[in-house]
Each structure stands twice: as structure tokens, then as C-alpha cells.
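*Asks:* got a sequence here, can you model it:
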Amino acid sequence: MKEVLRTNDPTVIAFAKSLLAGEDIDCFEMDVHMSVLEGSIGVLPRRLMVRDADLFMARAALRDNDLDVTEDR
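*Replies:* This next block holds a predicted model:
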């Protein structure tokens, strides 16, 4: 799995998941429990992961909707 998005904003994650579902791209949200444990201070970002085969299309769908996608490092 590859990271496609990282953010502290849960509304951005929800929007991105909805966009990807509309494109029939499965995604998985990571670090949800850690961000809940730290409370509402928003220090720990959540990550949205997709399968390697879906990475290109997922990034394109998110970029087309003005979301900052995570690039390869």
C-alpha cells in the first residue's frame, strides 16, 4: 500500500475517501486511533493509503479536486 494523503483535518480525509469511492478505488485510513488518543489538539496526522496499482489514478482524482497529495519521497 502507498500513502496518497496525509492531513490533520478529518473533513479532508472524509472528502478524499468519498472521491476515491466514486472512482472505485479502495482506500484505508491509518493512524485513526492514534489521532483519537491524542485528543483534539490535532498533532498526529492521519494517512490515507491505496493499493500500489491504484496510486496513479488516486493521485489524479485527488489533484483534480485541489487536494494536496503525498508524493514519493
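*Asks:* please enumerate the strands of the protein.
*Replies:* Using DSSP state E, the strands of the chain run over residues 2-7, 27-30, 46-50.
*Asks:* make CSV from those strands and add mean neighbour count to it.
*Replies:* C-beta coordinates here come from the backbone N, C-alpha and C atoms, glycine included. Formatted as CSV, those follow (neighbours: other C-beta atoms under 10 Å):
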stretch, mean neighbour count
strand 2-7, 19
strand 27-30, 16
strand 46-50, 20
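*Asks:* of all the ones you listed, which lies closest to L67?
*Replies:* strand 2-7 (6.6 Å; C-beta to C-beta).
*Asks:* how distant is that closest one from the center of its chain?
*Replies:* Remark: strand 2-7 is offset 4 Å from the chain centroid, using C-alpha atoms, centre = their mean, to the nearest Å.
*Asks:* output that strand as PDB - backbone C-alpha positions only.
*Replies:* Extracted in PDB, the C-alpha atoms of strand 2-7 (Å, rounded to 0.1, in the frame of the first residue of the first chain):
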ATOM      1  CA  LYS A   2       1.100   3.500  -0.700                       C
ATOM      2  CA  GLU A   3       0.300   6.800   1.100                       C
ATOM      3  CA  VAL A   4      -1.800   9.100  -1.000                       C
ATOM      4  CA  LEU A   5      -2.700  11.800   1.500                       C
ATOM      5  CA  ARG A   6      -1.700  12.900   5.000                       C
ATOM      6  CA  THR A   7      -3.600  15.500   6.900                       C
END
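*Asks:* that one pairs with which strands?
*Replies:* Next to strand 2-7 in the sheet, as set by DSSP bridges, lie strand 46-50 (antiparallel).
*Asks:* hmm, back to that, just tell me which of the strands of the chain ends up closest to R63.
*Replies:* Comparing the strands of the chain by C-beta to C-beta, strand 2-7 comes nearest, at 10.3 Å.
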